[in-house]
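Novice: Turn this into a model:
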Amino acid sequence: MSSHGGGADGEPEFQIAPMVDVLLVLLIFFMSIASTAVTRYDPAIALPIAENALRKEDSEAELVFNIAWRAAEQIAVTTFEERSVEPSETVSMLAQRVRLVPAVRVLVRCDAQTPVRYVNAVVEAAAKAGIGEVTFAAVLRP
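Specialist: Below is the predicted model of the structure:
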């Protein structure tokens, strides 16, 4: 008697259970990555329109700052990695990221009505941390 799992005619059977397990693990992995990438961008921010803007090539090594302008209260709320922050308090964290990934860059997403002093605070924090590339999000006019 032979103990190799197979059909009656000696051909091996296809095992579906391990394949389903692997597919479920992959599904969970991609769902967690997709939700992380989406939550970096605050959909409530009304980006400014830029006629001559260029599309970015990739989002690799990008640190996203969202600056939401609340006109009724005349304040701006800056968020980084889903936490409300003061840009000056992020300098040491940004410097640590530069040490880990020297090609890191900052993406600033802010409402079109945000006063420049709030945007400048993020740019200054990036400069103090040694980040030389700061980009700004805008909507391309069709």
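Novice: Distance-wise, check V22 relative to I16.
Specialist: In this view, V22 and I16 are 11 Å apart by Cβ to Cβ, to the nearest Å. No exception for glycine: its C-beta is placed from N, CA and C like everyone else's.
Novice: With T135 instead?
Specialist: Taking Cβ to Cβ as the measure, T135 falls 47 Å from I16.
Novice: Which one's more surrounded, the two?
Specialist: T135 (14 against 8; other Cβ atoms under 10 Å).
Novice: Can you show me the strands along this structure?
Specialist: Assigned by DSSP state E, the chain shows strands spanning 49-50, 62-70, 75-80, 83-84, 105-110, 134-136, 139-140.
Novice: okay, those, which one's buried deepest?
Specialist: Comparing the strands of the chain by mean neighbour count (mean count of other Cβ atoms under 10 Å), strand 105-110 ranks first with a mean of 22.
Novice: need the contact list for the spatially closest residue to S92 that is not a sequence neighbour.
Specialist: Distances taken as Cβ to Cβ, 6 or more residues apart in numbering place A129 nearest to S92, at 7.7 Å, with adjacent residues excluded. Contacts for A129 (Cβ atoms under 8 Å, 6 or more residues apart in numbering) come out as 90-95, 97-98.
Novice: Scan those and report the most crowded one.
Specialist: T90 (24 neighbours).
Novice: Please report how far it lies from A127.
Specialist: From T90 to A127 the distance is 12 Å (Cβ to Cβ).
Novice: Next: A112.
Specialist: Applying Cβ to Cβ, the value for A112 to A127 is 23 Å.
Novice: again, but for I75
Specialist: 24 Å.
Novice: Ok, R97 next?
Specialist: For R97, the distance to A127 - Cβ to Cβ - is 14 Å.
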